[in-house]
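> quick one, what's the 3D model for this:
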Amino acid sequence: MSDEQPPFDRALGTLGALLAERGLSYELYAVGGGALQLLGLIVRPTKDIDVVGLVDGDVVVPTRPLPPPLRAAITDVAKLLDISEGWMNAGPASLLDLGLPKGALRRSLRREWAGLALRLAAREDQICFKLYAAVDQGPDSKHFEDLVNLGPSNDELLVAARWARSHDPSEGFRDQLLHALRDLGVPDAQV
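Presented below is the predicted three-dimensional model:
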C-alpha cells in the first residue's frame, strides 16, 4: 500500500469543515471502493464513497436520499474542488433492506473530519458486500478484482456467501454464486 493519503481525504476534510461551519454533523456508514481505499486495503482509482446509511447510536438507518443539508454540502464541496457531484452518494443504500452482516457497525473503523464521521465497513464485511456485487456484475467487474485483492480465506468466502444468499435466495443467484466461489478457489461450497 502507498504511504500517500487517500485522495478522498481533502474532500472529506473540506466537507467536514463545511458541515461544522454550518452547525451540522453527520455520522455515516460507508462501503465499497472508497471505503476500502480509506482503509488502505486497495489502491485502485475509485470515483466515489458509497454511503449505506446514517449511524444513529448502534444502528444504521436508511439514507435514501441523503438529507438535503448534507447533499447541499457535498455539492458545494464538489464545485469547490472541481470533482463529480456524485463523489459521495447513497447508491448502495438498498443493502439495509435485508440487513448488514451481524455486528457490522461494531466492527467498522471510525474516521472523523470536524462535522463528518465515517464508519468504514471492516474487511470481513467488505468481503460480503464485494462477493454480493461480484456475483451480480460478474468476474470481470471491479468488485471481483477487489474481492481477490482482499485475499479472503475459504471460511470468509463461505460466511460472505451465506450473507449474500440472505439478500438473494433465488436459484439463479445461487448458481452464479457457486460459479464465483469456484473461480475464487472454493469448489464444493454448500450455500
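> hey, let's count contacts and neighbours off CA atoms from now on
Noted.
> what residue is smack in the middle of this structure?
residue 31 (1.0 Å; CA atoms, centre = their mean).
> please name the bridge partners of that residue.
Note on residue 31: beta-bridge partners residue 50, judged by DSSP bridges.
> contacts only, for it.
Contacts for residue 31 (CA atoms under 8 Å, 6 or more residues apart in numbering) come out as 49-52, 120-121, 126, 129.
> any idea which of those residues is closest to residue 85?
residue 49 (11.3 Å; CA to CA).
> how close does the closest one sit to residue 36?
9 Å (CA to CA, to the nearest Å).
> now residue 128
Counting by CA to CA - residue 128 and residue 36 are separated by 13 Å.
> which neighbours do the two have in common?
With CA under 8 Å, 6+ apart as the test, residue 128 and residue 36 reach no residue in common.
> how about the contacts of residue 31 in JSON lines, adding pLDDT, neighbour count and distance to residue 68?
Shown next, in JSON lines, are these (pLDDT from 0 to 100; neighbours: other CA atoms under 10 Å; distance: CA to CA, whole Å):
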{"residue": "49", "pLDDT": "95", "neighbour count": "23", "distance to residue 68": "17"}
{"residue": "50", "pLDDT": "94", "neighbour count": "22", "distance to residue 68": "17"}
{"residue": "51", "pLDDT": "96", "neighbour count": "26", "distance to residue 68": "15"}
{"residue": "52", "pLDDT": "95", "neighbour count": "27", "distance to residue 68": "16"}
{"residue": "120", "pLDDT": "98", "neighbour count": "26", "distance to residue 68": "22"}
{"residue": "121", "pLDDT": "97", "neighbour count": "25", "distance to residue 68": "24"}
{"residue": "126", "pLDDT": "96", "neighbour count": "24", "distance to residue 68": "27"}
{"residue": "129", "pLDDT": "96", "neighbour count": "24", "distance to residue 68": "27"}
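> please, which helix or strand holds the closest residue to residue 63 other than its chain neighbours?
Nearest residue to residue 63 in three dimensions, chain neighbours excluded: residue 53, at 4.8 Å (CA to CA, 6 or more residues apart in numbering). According to DSSP states H and E, residue 53 maps onto strand 49-56.
> what's the first helix or strand after that strand?
Following strand 49-56 in sequence, per DSSP H and E, is strand 59-62.
> low-scoring pLDDT stretches of the protein, where are they?
Applying pLDDT under 70 to the chain picks out residues 1-7.
> sorry, back to before: ok, now which ones touch the residue nearest to residue 63?
With CA under 8 Å, 6+ apart, residue 53 has these contacts: 28-30, 60-63, 90, 93, 96.
> now do the strands in the protein.
Along the chain, the segments classed as strands by DSSP state E run 26-31, 49-56, 59-62, 88-89, 109-113, 116-120.
> can I get those strands in JSON lines including distance to residue 19?
What follows is those, written out as JSON lines (distance: least, CA to CA, whole Å):
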{"stretch": "strand 26-31", "distance to residue 19": "8"}
{"stretch": "strand 49-56", "distance to residue 19": "15"}
{"stretch": "strand 59-62", "distance to residue 19": "20"}
{"stretch": "strand 88-89", "distance to residue 19": "14"}
{"stretch": "strand 109-113", "distance to residue 19": "10"}
{"stretch": "strand 116-120", "distance to residue 19": "7"}
